[in-house]
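Asker: just need the structure, nothing else, for what follows:
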Amino acid sequence: MSRLEDLAERYGRHLATPWQRTVAGAQRVVMVVYDKTWERALRARHVIFETATRQSGHDWHEIDIAPAFAEWLAGDDEYRDSYFAEPELLQIKLEAEFPKYVADRLRAVLTDPGVTETSVVAVFGVGALLGFARVSQIVKLVEADVRGRLVIFYPGHCDNNTYRLLDARDGWNYLAVPITANVEE
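Answerer: As a prediction, the model looks like this:
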């Protein structure tokens, strides 16, 4: 069994356990943590996680937020060209508006009429947020909208519920359930 298949099996076992319906939104978040070098392989084979989800009796919805920054910047007709000329001008707008933009995209999936209390919403591409927004910011903005489970595929590490995206950023502590590739974690 490959490492990804092993991770998908752990993920499936977790999803197959009965879900508490009275938990807060923050406790409905599952972080599937894997080595950053697995990103391309995981994205190519993400169907094994979808299959594990469906085999555990839940439906699957997914969103890829990797292109979010390019789409957000391309949507700013007024200042887009000036940001390319002077990127430092972008910092204030980036901090103030980009996390909300990503959260709104994710919220649109979480609140879709087809998503229920038994649904999984899977998020891919969070590594592309590095340097633009923090995953913790985005999750905090959408916690109240999680009906079933929000599953974030997270390239990095988790030690004692402290997450490090791509091993590059200072960690953040979160209440999410971590599912890792390492048995010891």
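
Asker: going forward, measure contacts and count neighbours with C-alpha atoms only.
Answerer: Noted.

Asker: which regions of this structure sit below the pLDDT cut-off?
Answerer: 169-173, 183-185 (pLDDT under 70).

Asker: tell me which stretches of it form helices.
Answerer: Under the criterion DSSP state H, the chain contains helices at 3-16, 39-44, 47-55, 68-74, 80-85, 90-110, 135-142.

Asker: now mean neighbour count and distance to residue 116 too, for those helices, in CSV please.
Answerer: Below are these laid out as CSV (neighbours: other Cα atoms under 10 Å; distance: least, Cα to Cα, whole Å):
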stretch, mean neighbour count, distance to residue 116
helix 3-16, 18, 15
helix 39-44, 14, 25
helix 47-55, 18, 14
helix 68-74, 15, 25
helix 80-85, 12, 38
helix 90-110, 17, 9
helix 135-142, 17, 15
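
Asker: I'd like to know which of those helices is closest to residue 153.
Answerer: Evaluated over the helices of the chain, closeness to residue 153 peaks at helix 39-44, with 8.9 Å, by Cα to Cα.

Asker: contact partners of the closest one?
Answerer: 4, 124, 155 (Cα atoms under 8 Å, 6 or more residues apart in numbering).

Asker: same deal with stretch 102-114?
Answerer: Outside stretch 102-114, the residues within contact range by Cα under 8 Å, 6+ apart are 61-63, 65, 68, 115, 121, 138-139, 141-142, 145-147.

Asker: can you list those residues in a markdown table and add distance to residue 84?
Answerer: A markdown table is the format used below for these (distance: Cα to Cα, whole Å):
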| residue | distance to residue 84 |
| --- | --- |
| 61 | 34 |
| 62 | 31 |
| 63 | 27 |
| 65 | 22 |
| 68 | 17 |
| 115 | 38 |
| 121 | 34 |
| 138 | 25 |
| 139 | 29 |
| 141 | 28 |
| 142 | 30 |
| 145 | 34 |
| 146 | 36 |
| 147 | 39 |
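
Asker: kindly state the beta-bridge partners for the most centrally placed residue in the chain.
Answerer: By Cα atoms, centre = their mean, the chain has its centre lying nearest to residue 152, at 3.1 Å. Counting by DSSP bridges, residue 152 is bridged to residue 31, residue 123.
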